[in-house]
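In: Test case, fold it:
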Amino acid sequence: MRSKEDAPDLARDVSPIFHSDDNTVPFLIAHGALDPVVPVDRARRFYTALRSAGVDAKYLEFADEGHFLVNPTNLTTVVTETVLFLDWYLKR
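Out: Residues are numbered from 1 along each chain as shown. Model (predicted):
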C-alpha cells in the first residue's frame, strides 16, 4: 500500500478537504480528540475547509474519547445533535 508521501497527487484527489465547495451538502462531524486511528487534526481541518467554502457544518469534539465514543454522556450528545441536524436539514 502506498503512503500519501509516495503519491501526493492521489492523496489530494481522494481527500474531501480539497473537494468542498458551494455544492457540498451540510456536514455533522463528531470526533474523539484521542483517536489513534484518524488524527483529530484531520477532522478540524475538514471542518475548517467546509466553513471556508461556505458549507453549513457542525463540529463536535470530545476531549476524552478515542475512535469510538464510549462515554454515555457523549453518546447522548451525538444522538441528540444528530437528530437536531437531520431534523433541520431534512424538514426544511
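
In: Could you tell me which residues make contact with the residue most central in space within the chain?
Out: Central residue of the chain (Cα atoms, centre = their mean): Ile29, 3.5 Å from the mean position. Listed by Cβ atoms under 8 Å, 6 or more residues apart in numbering, the contact partners of Ile29 are Ala43, Phe46, Tyr47, Ala57, Lys58, Tyr59, Leu60. In this view, the C-beta of every residue, glycine as well, is placed from N, C-alpha and C.

In: Point out the ones among those that are inside helices.
Out: Ala43, Phe46, Tyr47 (DSSP state H).

In: The closest residue to Phe68 other than its chain neighbours and Asp64: what is the separation?
Out: Among residues not flanking Phe68 along the chain, Gly32 sits closest, at 7.6 Å (Cβ to Cβ, 6 or more residues apart in numbering). From Gly32 over to Asp64 the distance is 8 Å, taken as Cβ to Cβ, to the nearest Å.

In: Of those two, give the one with the bigger neighbour count.
Out: Neighbours of Gly32 and Asp64, each counted by other Cβ atoms under 10 Å, are more numerous for Gly32; the result is 23 against 12.

In: check contacts around that one.
Out: Per Cβ under 8 Å, 6+ apart, neighbours of Gly32: Val40, Glu61, Phe62, Asp64, Glu65, Gly66, His67, Phe68, Leu69.

In: measure the fifth one to Leu84 for me?
Out: It stands for Glu65. Taken as Cβ to Cβ, the span from Glu65 to Leu84 is 20 Å.

In: The third one too?
Out: Taking Cβ to Cβ as the measure, Phe62 and Leu84 are separated by 17 Å.

In: neighbours of Tyr47, just the number please.
Out: 21.

In: Having no further points to raise, I will conclude here.
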